[in-house]
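Participant: Next one to model:
(one chain, ligands or ions: 3)
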Amino acid sequence: MIGSANLNVMIKAARKAGRSLVKDFREVENLQVSTKGAGDFVSRADIASEQILKDELMGARPTYGWLAEEGGEIAGEDPTRRWIVDPLDGTTNFLHGLPHWAISIALEHKGQIVAGVIYDAAKDEMFFAEKGAGAWMNETRMRVSARHRLIESIFATGVPFAGRVDLPETLQDLARLMPACAGVRRWGSAALDMAYVAAGRYEGFWERRLNAWDLAAGIIIVKEAGGLCQALAPEESIVESGDVICGNEQIFETFAKVIRG
Ligand code: IPD
Ligand code: CA
Ligand code: CA
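Facilitator: Numbering: from 1, shown residues only. Ligands and ions are numbered 1, 2, ... in the order given. Next comes the predicted model:
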């Protein structure tokens, strides 16, 4: 697929940051046996990735705004456009040497996400989409899955950790959904969870209290793959609320009914 100039800038930035993270990830795998652990090293890898993305994206489009996990927000000269960036989604996996993490870049225009890139650098899987141009993984066009029976479907979520207050809600969701479906996965990267829904690898995903950078790119990728993506309270904005539910069109209503209770 031939993308727009903006999409090409995003893909180039993701590849460059991906190379840096892959190099650091090899080092992290070695650090697993050290008693000091890899925490500081991973924070530095995360910050280095964000710096590369910022140099590439802001270098190419200096008037756009910027919202990223590590370096906060910068208002752009052009108030209608901003980059929304997670330089490393799936940090806990990265820290533990688990090859399931990604870079996520979204472009927002007038409050709508118009392009998204999620790059799984360890597996060299580049998921991307642009408004009206479909969703892609490397050279392959993606479509959400066609499964429409809950009992044959698998879903993903993020289970709150380290004392987060929303654990009971998620456990209640799981108690309702798990007996009715073929399985629930918790893989530790919300960005890749959304990319996998778009790729038809699982039928749906939901998670509460995410940040804009975790899910912004996923919204357009799921939609352009033919899926539905909403906030848990359907009238709210996904990016602002941070609560998301998405899935293929056939399963969405049944799935959303179980999760929304
Ligand atoms: C996290 C991942 C995880 C989700 C967390 C996020 P991070 O992002 O997306 O799957 O459950 O809520 O914070 O911290 O690895 O960038
Ligand atoms: Ca994240
Ligand atoms: Ca992150």
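
Participant: in stretch 240-253, what counts as buried?
Facilitator: Within stretch 240-253, the residues that count as buried by 16 or more other Cβ atoms under 10 Å are 241-248, 250-252. Just so you know, the C-beta spots here come from the backbone N, C-alpha and C atoms, and that holds for glycine as well.

Participant: So which of those are in helices?
Facilitator: If you go by DSSP state H, the buried residues of stretch 240-253 have 241, 250-252 in helices.

Participant: Grab the two from those that are most spread out in space.
Facilitator: S241 and Q250 (24.8 Å; Cβ to Cβ).

Participant: in which helix or strand would I find the residue nearest the centre of the chain?
Facilitator: Residue closest to the average C-alpha location in the chain (Cα atoms, centre = their mean): A191, at 1.4 Å. Under the criterion of DSSP states H and E, A191 resides in helix 190-198.

Participant: Run me through the strand neighbours of the next helix or strand after that helix, direction for each.
Facilitator: Proceeding N to C from helix 190-198, the next assigned helix or strand is strand 204-207, under DSSP H and E. Using DSSP bridges, strand 204-207 pairs in its sheet with strand 154-157 (parallel), strand 244-248 (antiparallel).

Participant: okay, the ones you listed in CSV with mean pLDDT and distance to ligand 1 next?
Facilitator: Converted to CSV, these look like this (pLDDT from 0 to 100; distance: least, Cβ to the nearest ligand atom, whole Å):
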stretch, mean pLDDT, distance to ligand 1
strand 154-157, 98, 8
strand 244-248, 98, 11
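
Participant: Could you dump those strands into JSON lines with distance to D214 added?
Facilitator: Shown next, in JSON lines, are those (distance: least, Cβ to Cβ, whole Å):
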{"stretch": "strand 154-157", "distance to D214": "13"}
{"stretch": "strand 244-248", "distance to D214": "9"}
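
Participant: closest to ligand 2 out of those?
Facilitator: strand 244-248 (12.5 Å; Cβ to the ion).

Participant: that older thread, run the contact check for the helix holding A191 versus ligand 1.
Facilitator: Yes: Helix 190-198 reaches ligand 1 (Cβ under 6 Å from any ligand atom) through A190.

Participant: Just the mean pLDDT for that helix, thanks.
Facilitator: Taken as a whole, helix 190-198 has a mean pLDDT of 98.

Participant: Give me the angle between that helix and strand 244-248.
Facilitator: 20 degrees (axes from the mean of the first three to the mean of the last three Cα atoms, to 10 degrees).

Participant: these two touch, right, F94 and E27?
Facilitator: No: contact between F94 and E27 fails when scored by Cβ atoms under 8 Å: they sit 10.9 Å apart.

Participant: So for these two, which sits in the more crowded spot?
Facilitator: Per other Cβ atoms under 10 Å, whichever of F94 and E27 has more neighbours is F94, with 26 against 12.

Participant: For ligand 3, what's the nearest residue on the stretch 151-261 of the chain?
Facilitator: W213 (6.9 Å).
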